[in-house]
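Enquirer: only geometry, no sequence info:
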């Protein structure tokens, strides 16, 4: 095994190889003007107006590269999305890389390049980070951990406590794409297809929704999918949630995968969608604002006036309860 083609434990010992890995492979590809690898902490300008919003996340997806993205781009989009649905404009990110001994250097280079491209597209700067090399079998090739800081304007007020009976529930596009795409990419179930993950920044959609007005709450439905967000709404607000199966956009290939594997697509992860709760008087305006860029956005239900579970009206006209997810039906997909 040629040492210059693969990551070794020596790349994490603090010496020359680690310095070259950080500077030549990681920092050079990230290309962030505020990233200085000589410092243990980054200076970031603090804005005078607005509230600083902070989030943190970890990414362990397998495979590391999948149709529509990679763990590199996913780490950026996932962090940016958590800030965006909080009503914040993302500004700065930190990135920690945990790399397994024996990982091919070319793979790391591709993932960091994906990360850099996603950061540029989202308009954020990676300003600090850390790199650790772990022994073989101690992680799934590469893990990333990120922290993001954004700024939320003082006139933006979002929160699950602001939800009211009668509010409309909408989603910005088809659900379940990411979860289904990852399952196909793993080739574990004898299935194949060209389904692409929805992994992307939701920041443009969040801006459109906020511009339309009347937004009470936003969430990106990652682990546990749409059904888990709906159950959180019911549990925290104490109000029933009513969804319409006919209104929920789901791609045919996602339904097909779920039928074969006995899964419910509403529990599959999305990585480029927003579930929003909107004042009913603003719901049509919100869909109109999204229509140009998100033509499959749809109003999918409403908040009931009394306590209750998450109930979905089925295509046949009946109703069924969408219970809260208890067991993890799949390996980690984010």
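Expert: Nice, thanks for sending it over. Everything numeric in this text was worked out from a predicted model, so none of it was measured.
Enquirer: elements contacting the helix ranked longest in the chain?
Expert: Identified as the longest helix of the chain according to DSSP state H is helix 105-122. Under the contact criterion of 3 or more Cβ pairs under 8 Å, 6 or more residues apart in numbering; DSSP states H and E, helix 105-122 touches helix 28-30, strand 65-66, strand 69-70, helix 71-84, strand 89-100, strand 125-134, strand 142-152. Any C-beta I mention is one placed from the backbone N, CA and C, and that applies to glycine too.
Enquirer: Kindly recompute the last result at 10 Å.
Expert: Judged by 3 or more Cβ pairs under 10 Å, 6 or more residues apart in numbering; DSSP states H and E, helix 105-122 is in contact with helix 28-30, strand 65-66, strand 69-70, helix 71-84, strand 89-100, strand 125-134, strand 142-152, helix 203-212.
Enquirer: I'd like those as CSV, with mean pLDDT, distance to residue 5 and mean neighbour count appended.
Expert: Shown next, in CSV, are those (pLDDT from 0 to 100; distance: least, Cβ to Cβ, whole Å; neighbours: other Cβ atoms under 10 Å):
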stretch, mean pLDDT, distance to residue 5, mean neighbour count
helix 28-30, 88, 17, 18
strand 65-66, 94, 18, 20
strand 69-70, 96, 19, 24
helix 71-84, 97, 19, 28
strand 89-100, 96, 14, 22
strand 125-134, 95, 15, 19
strand 142-152, 96, 16, 22
helix 203-212, 98, 37, 20
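Enquirer: okay if I get these as a markdown table plus distance to residue 240?
Expert: Supplementary listing: these in a markdown table, determined by distance: least, Cβ to Cβ, whole Å:
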| stretch | distance to residue 240 |
| --- | --- |
| helix 28-30 | 46 |
| strand 65-66 | 36 |
| strand 69-70 | 36 |
| helix 71-84 | 27 |
| strand 89-100 | 34 |
| strand 125-134 | 43 |
| strand 142-152 | 30 |
| helix 203-212 | 23 |
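Enquirer: Show me the one of those that comes nearest residue 264.
Expert: When the helices and strands packed on helix 105-122 are compared by Cβ to Cβ, strand 65-66 sits nearest residue 264, at 21.3 Å.
Enquirer: For residue 37, see how far away the closest residue to residue 116 other than its chain neighbours is.
Expert: Spatial nearest neighbour of residue 116, chain neighbours left out: residue 30 (4.8 Å); criterion: Cβ to Cβ, 6 or more residues apart in numbering. According to Cβ to Cβ, to the nearest Å, residue 30 and residue 37 sit 10 Å apart.
Enquirer: who touches both of the two?
Expert: Residues touching both residue 30 and residue 37 (Cβ atoms under 10 Å, 6 or more residues apart in numbering) are residue 129.
Enquirer: buried ones in stretch 279-296?
Expert: Across stretch 279-296, burial judged by 16 or more other Cβ atoms under 10 Å covers 279, 282-283, 285-287, 289-290, 294.
Enquirer: Tell me the one among the residues you listed nearest to residue 125.
Expert: Residue 125 lies nearest to residue 294 out of the buried residues of stretch 279-296, by Cβ to Cβ, at 26.7 Å.
Enquirer: My guess is that closest one contacts residue 172. True?
Expert: Yes - under the criterion of Cβ atoms under 10 Å, residue 294 makes contact with residue 172 at 4.9 Å.
Enquirer: Which residues are in contact with each of the two?
Expert: Common neighbours of residue 294 and residue 172 (Cβ under 10 Å, 6+ apart) are 202, 204-205, 208-209, 273-274, 287.
Enquirer: Would you tell me which one of those residues comes nearest to residue 50?
Expert: residue 209 (18.2 Å).
Enquirer: nearest residue to the closest one other than its sequence neighbours?
Expert: residue 215 (5.2 Å).
Enquirer: So for residue 16, which of the helices and strands packed on helix 105-122 sits nearest?
Expert: strand 125-134 (13.9 Å).
Enquirer: roughly how far is that closest one from the heart of the chain?
Expert: Strand 125-134 sits 20 Å away from the centroid of its parent chain (Cα atoms, centre = their mean, to the nearest Å).
Enquirer: One more: stretch 100-118?
Expert: Relative to its chain's centre, stretch 100-118 lies at 19 Å (Cα atoms, centre = their mean).
Enquirer: and the shared contacts of residue 294 and residue 172 as JSON lines, adding distance to residue 98?
Expert: Putting these into JSON lines (distance: Cβ to Cβ, whole Å) gives the following:
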{"residue": "202", "distance to residue 98": "26"}
{"residue": "204", "distance to residue 98": "31"}
{"residue": "205", "distance to residue 98": "31"}
{"residue": "208", "distance to residue 98": "36"}
{"residue": "209", "distance to residue 98": "35"}
{"residue": "273", "distance to residue 98": "28"}
{"residue": "274", "distance to residue 98": "29"}
{"residue": "287", "distance to residue 98": "41"}
